[in-house]
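K.L.:
Sequence below, structure please.
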Amino acid sequence: RGHQWLRSPMCFRWTALIITIAVANLAIMVGMVGGPRMFWDLIEQNIQPPLVFEIPNLSGSDVLLTGANRGLGKAIASVLAQVNASVVMTCRTQQKCSKAANEVSESLIDESHGTLIPASIDLGSMDSIDSAVNLLKESRAGSPFDIVVLNAAVAGLHPSDPKTGMNPIIGVNFVGNIHVIQSFTKARLIDAHTKVIVVSSGAHFLGIPEQLPAMEEISMSNAQYMYGQSKLLLQTWLEGWRLQAASEDDSKKPYISYWNPGPVYTDLGAHSVPAVIYPTYWLMKKVFFVYPHTVANTILYLLSAQTPLPAGGFLNMRLQIKPHPWTEDAKAHRWVLEATSALLETLITVSQHKA
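P.N.:
Prediction:
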């Protein structure tokens, strides 16, 4: 009977249905992550060998960490505190930062660990960044940070800023981060000896050169592009800024490297996933994604005694690869620096007009 059923039309129909569902789910997964290249990154996350390195002791090192109240940022704060770093944990509100700092502190097993200092910085607000710079400059007496980790990011569907008209993916992921770098450098909270580590994404490969879609509204059709574009713009701007800073004196060249942690199990952008494909999204996260604390240890690899990643390097999960070629192009550096200056002037004019 078993053999007869296997040859029956019903068996073929069920087999065809299962194969169709499997192919449909695979197609949805590939589309959700941005194409075959990004999907391969999901697979690669699970087949790469673990990093081998000596755990650094960051006692005496001061770290500024953005987006530290949840997900990967919170896990990075915990990892850094365990190796005795003093971590300024920043997020949008002081209440959220304080809550996260207390939770991280309570989770640490070893009573001897680095300090956790909550501080409010909203990367979607230049005023918030400027206020934070003034407070930190005063509290630190002008002493620069040893390490800055730019982790804060926005993904998914969000309304544009009513004051400026700028969408928050470009506003936070790109404009907010460059304003942090500019204002912290001006205040001497970042200098040539500061290690800047940018939590980037493989999505930057989806970006398109010479596009700055700051005033485009985010929709289901362009949210993924916006996220990738924001990461491409940020890396390109930072590389232009880094090389420009060293144009006259190579000793002033700051250290900046880029790290794609891979697919991390957080709720970033999850609210924007349509209900009809949420089961596929949930399955993809369960199969391919890793938990924040599992991947956060990579930050220690980047901060180990002999820096394994050269300035401008891109660590794709656990492999060093070439980033998007636009990030290394001198013409691209000039274009993005000029376009950004023009955008910032427009934002200032719009804000003053609305005020």
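K.L.:
got the contact list for residue 222?
P.N.:
213, 216 (Cβ atoms under 8 Å, 6 or more residues apart in numbering). Every residue, glycine included, has its C-beta placed from N, CA and C.
K.L.:
gap between it and residue 163?
P.N.:
22 Å (Cβ to Cβ, to the nearest Å).
K.L.:
How about residue 296?
P.N.:
Residue 296 is 34 Å from residue 163, by Cβ to Cβ.
K.L.:
Between the two, tell me which one has more neighbours.
P.N.:
residue 296 (22 against 12; other Cβ atoms under 10 Å).
K.L.:
If you drop the residues flanking it in sequence, what lies closest to the more buried one?
P.N.:
residue 75 (3.8 Å; Cβ to Cβ, 6 or more residues apart in numbering).
K.L.:
That neighbour touches residue 299, doesn't it?
P.N.:
No: using Cβ atoms under 8 Å as the test, residue 75 is too far from residue 299 to be in contact (9.0 Å).
K.L.:
Residue 97 and residue 104, how far apart?
P.N.:
11 Å.
K.L.:
show me where the stretch 201-350 of the chain has strands.
P.N.:
255-260, 314-316, 319-321 (DSSP state E, counting those that start in this stretch).
K.L.:
where's the residue nearest to the spatial centre of the chain relative to residue 309, distance?
P.N.:
The centroid of the chain falls nearest to residue 199 when counting by Cα atoms, centre = their mean (3.8 Å). Using Cβ to Cβ, residue 199 is found at 13 Å from residue 309.
K.L.:
what do you get for residue 290?
P.N.:
20 Å.
K.L.:
related to what we said a few turns ago, so which of the strands of the stretch 201-350 of the chain comes closest to residue 83?
P.N.:
Smallest distance to residue 83 across those (Cβ to Cβ): 17.1 Å, for strand 255-260.
K.L.:
In PDB, list the C-alpha atoms belonging to the closest one.
P.N.:
Output of strand 255-260 as PDB, limited to C-alpha atoms (Å, rounded to 0.1, in the frame of the first residue of the first chain):
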ATOM      1  CA  TYR A 255      41.800  54.800  12.900                       C
ATOM      2  CA  ILE A 256      38.400  53.800  11.500                       C
ATOM      3  CA  SER A 257      37.300  50.200  10.600                       C
ATOM      4  CA  TYR A 258      34.000  48.700   9.600                       C
ATOM      5  CA  TRP A 259      32.300  45.600  10.900                       C
ATOM      6  CA  ASN A 260      29.300  43.700   9.600                       C
END
